[in-house]
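> Fold the stuff below for me.
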Amino acid sequence: MLLFVLRHGKAEPFSKSDETRALTDQGREDVAAVCKERASELAQVKTLWASPFVRTRQTAKIVAETFGLEVEINENLTSDTPLQVLLDALGEVGEERFPLLLVSHQPLVGSLVNGLCGTGNEHPMGTSSLACLEADVWATDCAELQWLQHKPQPLS
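Residues are numbered from 1 along each chain as shown. Just a heads-up that it's a prediction; the model follows:
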């Protein structure tokens, strides 16, 4: 099964609360660029989950509109969710819903990618980073990283 993990795009630094921080224009552009770069892979996605925070819902909406998907808000995708809680939730998902794309935050996305692959902190997940993992079961040290796409770097 394939699991895609996307960290939200760059968000504004301040808002009334962390939950209400919105994407910046650059964040929107970066997410769209990553979607374009990995369009053939993302076109396979059957299920799209996003954290309830504004910036992740906005990120997921870009993906959803690009690939004709519905966004499902999942409370297990907030940054402070224990990794095992998310792994348990993934374990309950039927194979027919994969490939699944998760849109979430640090430190959860980094813990998920590196925990599933057993790689410590080897694979950084910056804003708009998209990882593709493959596994038969979603448990620590049981997945293989297929690829990791970071946002485009600005030309200098």
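> Near Leu145, how many other residues are there?
Leu145 is flanked by 16 other residues according to other C-beta atoms under 10 Å. (C-beta placed from N, C-alpha, C; glycine too.)
> Please apply the same query to Thr20.
Neighbours around Thr20, by other C-beta under 10 Å: 12.
> Who are the contact partners of it?
Listed by C-beta atoms under 8 Å, 6 or more residues apart in numbering, the contact partners of Thr20 are 53-54.
> Check the gap between it and Val54 for me.
5 Å (C-beta to C-beta, to the nearest Å).
> And Thr119, by the same measure?
Counting by C-beta to C-beta, the separation of Thr119 from Val54 is 30 Å.
> neighbour count winner among these two?
Neighbour count, other C-beta under 10 Å: between Thr119 and Val54, Val54 has more, with 19 against 13.
> how about that one, phi and psi?
Dihedral pair for Val54: phi -60, psi -50, per degrees, to the nearest 10.
> cool, Val63 as well?
phi -60, psi -50.
> and if you look at Cys117?
Per-residue torsions, Cys117: phi -90, psi -10 (degrees, to the nearest 10).
> got a list of what it touches?
Counting by C-beta under 8 Å, 6+ apart, Cys117 makes contact with 123, 133, 141, 143-145.
> Can you check the pLDDT for it?
Predicted confidence (pLDDT) at Cys117: the value is 96.
> For Ala39, see how far away it is.
24 Å.
> Same check on Ala32?
Per C-beta to C-beta, Ala32 is found 11 Å from Ala39.
> Look at the closest residue to Pro107 other than its chain neighbours and give its secondary structure.
Leaving aside its sequence neighbours, Pro107 sits nearest to Ser79 (C-beta to C-beta, 6 or more residues apart in numbering; 6.3 Å). Put simply, Ser79 is coil when judged by DSSP: H, G, I helix; E, B strand; the rest coil.
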